[in-house]
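In: Any chance you can model this:
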Amino acid sequence: MTFNKEKMKQVIHYIVHKCQDKDNFGKTVLYKLMYFSDFNHYEIYETSITDETYIKRENGPVPSSFDKCCNELEEEYKIDNEKKPVLSYYRYHYFSLKDPDINLLSNNERKVIDNVIEKLSSMNARSISDYSHGDKPWRVAEFTKPLDPEFVFYRDDEYSVRVYED
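Out: Numbers count the residues shown, from 1 in each chain. The predicted model follows:
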């Protein structure tokens, strides 16, 4: 697997563009929508969308190249974010400055991303983090270590998106 930074940027921009009007849409929700998009695609098609490495963190999976990709998207005037203080942390709300270029995304990849957005994008940061903690790849990984996408084939029914034959 070779990480595809341009494709990763298109996935980020696409999700931001589709979710920017949701009040709950911040960095944590974006992380989890990306994770479930990549890992659900892996379960269904046995390939990742971006070949991104996701790291096990306390609040769930985190894409390792996220900050670099977001910074580039901001420098390209494609997305921006508002950083607001909330209690003891900052909340990042992302929004799109132009329509995303999705020429690197296949129809199947967009379909998987759209299904993840439809199913999970209304969750707040705490709910989607808690939900991600139940997914097998996160559960079996060690903290601060990469998640192994192969564990999607051992998901509980609540997380599984592939139709398996008996």
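
In: where along this protein do the strands fall?
Out: 54-57, 60-63, 79-86, 89-96 (DSSP state E).

In: The last one versus strand 79-86: what angle between them?
Out: To tie it back to what came earlier, the one meant is strand 89-96. Inter-element angle recorded for strand 89-96 and strand 79-86: 160 degrees (by axes from the mean of the first three to the mean of the last three C-alpha atoms, to 10 degrees).

In: that older thread, so of the strands of the chain, which one's packed in deepest?
Out: The highest mean neighbour count among these, using mean count of other C-beta atoms under 10 Å, belongs to strand 60-63: a mean of 23. Glycine gets a C-beta too; all of them are placed from N, C-alpha and C.

In: Next, name the residue at the spatial heart of this protein.
Out: Taking C-alpha atoms, centre = their mean, the centroid of the chain lies closest to M34, which sits 1.1 Å from it.

In: Export the strands of the chain as a markdown table, with columns for mean pLDDT and distance to S160.
Out: Below are those laid out as a markdown table (pLDDT from 0 to 100; distance: least, C-beta to C-beta, whole Å):
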| stretch | mean pLDDT | distance to S160 |
| --- | --- | --- |
| strand 54-57 | 98 | 18 |
| strand 60-63 | 98 | 17 |
| strand 79-86 | 90 | 31 |
| strand 89-96 | 89 | 29 |
